[in-house]
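K.L.:
pasting the structure only:
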């Protein structure tokens, strides 16, 4: 498998995650109308996706360690493809939620195995360069996904988004089937033993150093997921933004995230990991409290929502790389377990944020602003509580 083929295969597998969450965001209000349910019910299609994705992280990596990358990746992509088709054909909301959960498991398997393939094929430095190139291409998904999804919703309805996801999954599945070679030359026969897995995860979970970074990471992810799950209803239903324009509004927030990641690189060299994380949580706090203050001052405009989302996503771009790196730093021999547990906890934070937003929606901006401010305060506090731990990171 050539380097360029590997790059495109990894990029395609990684891209399925942002596409699966962002492509159909503009369709959420229409889905609620079609199914005759409230926003909280239809947002379960987002919340259960992140739970499925987070849970699968705990087993996908060890599964590929045991049975090889190629069969596990192809199996995961097959599940993703079939689940996407099931989503497009869903006769009811419960069917759609179940299919989304299965889709998340397949999607997560693709993402986790893609990262493992890079680890197999390259040295750490070379692998970082490959992932950096893949990340540049990956940025197109959260920017273009909601824009395309808005036009698909206007032209064909919400099912079209899942047809598009099925086609994306099919393209990656064909590429893996035809081009991928097995990269795991030494399968670990004991990788799936429950006792070994449980001991690894328990050791990580008992370490205060892990929670010093995992908690801010999860809260940071929750802060952006509040906007991911809430803005379709706030912008389209409350503020009257045209469905076809929603993606452009959402893309502005994504640019904030990209800017935050670039800023994070500079901050790490100047003030270190802990300093960058503390500064990032200040930015998140300002975004959340500023949003709430302006809503309470009777400012109700799409620019306010987009501006708050931009600031909070900028903060996430600073916070999340720091939290992810710090949570793994203390576990060089159990990095896989630490990464899986960190991912699961982050998805759990997103799940509760999505449920909170959906359950509190009342046709105004106040619930989203209140949740954003509350999570911002919790995030800010978590980075200060953790100051006594993990100093070696």
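P.N.:
Cool, got the structure. Being a predicted model, the structure only gives us computed values, none of them experimental. Numbers count the residues shown, from 1 in each chain.

K.L.:
max-length helix in the chain?
P.N.:
helix 243-296 (DSSP state H).

K.L.:
what is the rounded mean pLDDT of that helix?
P.N.:
Average pLDDT, helix 243-296: 91.

K.L.:
following it, which helix or strand shows up next?
P.N.:
helix 302-329 (DSSP states H and E).

K.L.:
so that following helix versus helix 243-296, what angle?
P.N.:
Angle of helix 302-329 versus helix 243-296, following axes from the mean of the first three to the mean of the last three CA atoms, to 10 degrees, is 90 degrees.

K.L.:
helices or strands up against helix 302-329?
P.N.:
The helices and strands touching helix 302-329, judged by 3 or more CB pairs under 8 Å, 6 or more residues apart in numbering; DSSP states H and E, are helix 208-231, helix 243-296, helix 335-360, helix 366-385. (C-beta placed from N, C-alpha, C; glycine too.)

K.L.:
in the first one, what counts as buried?
P.N.:
Across helix 208-231, burial judged by 16 or more other CB atoms under 10 Å covers 209-231.

K.L.:
now do stretch 31-46
P.N.:
Quick answer for stretch 31-46 (16+ other CB under 10 Å): 31, 32, 35, 39, 40, 41, 42, 43, 44, 45, 46.

K.L.:
so where's the stretch 1-150 of the chain shaky on pLDDT?
P.N.:
The model of the stretch 1-150 of the chain has pLDDT under 70 over residues 1, 119, 122-136.

K.L.:
contacting residues for residue 29?
P.N.:
Neighbouring residues of residue 29 by CB atoms under 8 Å, 6 or more residues apart in numbering: 39, 232, 233, 236, 237, 243.

K.L.:
okay, the buried residues of stretch 31-46 in a markdown table with distance to residue 116 and secondary structure next?
P.N.:
Formatted as a markdown table, the buried residues of stretch 31-46 follow (distance: CB to CB, whole Å; DSSP: H, G, I helix; E, B strand; the rest coil):
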| residue | distance to residue 116 | secondary structure |
| --- | --- | --- |
| 31 | 34 | helix |
| 32 | 38 | helix |
| 35 | 38 | helix |
| 39 | 37 | helix |
| 40 | 36 | helix |
| 41 | 36 | helix |
| 42 | 34 | helix |
| 43 | 32 | coil |
| 44 | 30 | helix |
| 45 | 28 | helix |
| 46 | 26 | helix |
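
K.L.:
re earlier: can you give me the offset of the longest helix of the chain from its chain's centre?
P.N.:
Chain-centre distance of helix 243-296: 16 Å, with CA atoms, centre = their mean, to the nearest Å.

K.L.:
by contact count, what packs against it?
P.N.:
Using 3+ CB pairs under 8 Å, 6+ apart: helix 243-296 touches helix 140-156, helix 208-231, helix 302-329, helix 366-385.

K.L.:
looking at those, which is nearest to residue 69?
P.N.:
Nearest to residue 69, of all those, is helix 302-329, at 20.8 Å by CB to CB.

K.L.:
can I see the domain layout of this protein?
P.N.:
What the record gives for the chain is the domain set 1-181, 200-388, from automatic domain parsing.

K.L.:
how about those domains, which one is nearest residue 192?
P.N.:
Closest approach to residue 192 among those (CB to CB): domain 1-181, 4.7 Å.

K.L.:
between the domains of the chain, which gets nearest to residue 189?
P.N.:
Between residue 189 and these, the shortest gap by CB to CB is with domain 1-181, which sits at 6.9 Å.

K.L.:
can you give the distance from that closest one to the centre of its chain?
P.N.:
Its chain's C-alpha centre and that of domain 1-181 lie 11 Å apart, by CA atoms, centre = their mean.

K.L.:
numbering from 24 from now on, please.
P.N.:
Noted, 24 is the first residue going forward, which turns the last one into domain 24-204.

K.L.:
excluding chain neighbours, what is closest to residue 248?
P.N.:
Counting by CB to CB, 6 or more residues apart in numbering, residue 373 is the residue found nearest to residue 248 once chain neighbours are left out, at 3.9 Å.

K.L.:
on that earlier part again, who wins for neighbours among the contacts of residue 52?
P.N.:
Ranked by neighbour count (other CB atoms under 10 Å), those have residue 255 at the top, with 31 neighbours.

K.L.:
pLDDT at that residue, what is it?
P.N.:
93.

K.L.:
swap in residue 395?
P.N.:
pLDDT, residue 395: 97.

K.L.:
what's the local residue count around the closest residue to it other than its chain neighbours?
P.N.:
Leaving aside its sequence neighbours, residue 395 sits nearest to residue 311 (CB to CB, 6+ apart; 4.2 Å). Residue 311: 28 surrounding residues under other CB under 10 Å.
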